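**Q** What follows is a predicted structure for the sequence shown.
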Amino acid sequence: MKIISGGQTGADRGGLDAAIELDVAHGGWAPKGRKAEDGQVPEVYQLDECSRGGYPYRTRLNVYEADCTLIFTHGKPMSGSRLTVDCCIQYGRTYMTIDLDKVVDDRIIDLIVRMVKHGDFEIINVAGSRESKAPGIQQQVKEIMIKVLKRLECPAS
């Protein structure tokens, strides 16, 4: 099992934080210069840097390399999250959008775990809203992904 993302604040880092806490392999592509809304993606996140392009380019690479993508938002996917959905459709990749405004219990954990097990997916791309657009989303995604990874009984990397 491996968690990948683009390293942006918010949902991306929430997925990576869960992987790091549970010692699950992580990675993915960051934009050239490790660009993020808070400056640069911290080195604690073991991401490869794109040789060119910005956010859209790294989004495409992460979707393409993943077996499935989880897109966490508050409300409908907009801007970068919408691009992620479009890339999943374009590349024929399995994806799930998770509207955290509607998640009220652990049923979402069950749905994610069933999807991953059913597809025998090994590389999960975690994407979604930035922290500045959805304050608190990084912690929410981290907590959800910790539960998902524990349920999947992921071995340490």
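**A** Cool, got the structure. Computed from a predicted model, the values in this text were never measured in an experiment.

**Q** Assign the spatially most central residue of the chain to helix, strand or coil.
**A** Closest to where the C-alpha atoms of the chain average out (C-alpha atoms, centre = their mean) is Val126, at 1.0 Å. Under DSSP: H, G, I helix; E, B strand; the rest coil, Val126 falls in the strand class.

**Q** Next: the one 5 residues further on.
**A** Three-state call for Glu131 (three-state DSSP): coil.

**Q** neighbours around it, how many?
**A** By other C-beta atoms under 10 Å, the residues close to Glu131 number 20. C-beta here means a position set from N, CA and C on the backbone, and glycine is covered the same way.

**Q** mind listing what it touches?
**A** Thr9, Gly10, Arg13, Glu37, Asp38, Ile137, Gln138 (C-beta atoms under 8 Å, 6 or more residues apart in numbering).

**Q** count of neighbours near the first one?
**A** Translated: Thr9. 20.

**Q** Next: Val103.
**A** 15.

**Q** So for it, what's the nearest residue that isn't a sequence neighbour?
**A** Ile144 (8.0 Å; C-beta to C-beta, 6 or more residues apart in numbering).

**Q** Does anything pack onto the helix or strand that Val141 is a member of? Which helices or strands?
**A** Per DSSP states H and E, Val141 falls inside helix 137-151. On a contact count with 3 or more C-beta pairs under 8 Å, 6 or more residues apart in numbering; DSSP states H and E, helix 137-151 meets helix 11-21, strand 68-73, helix 107-119, strand 123-128.
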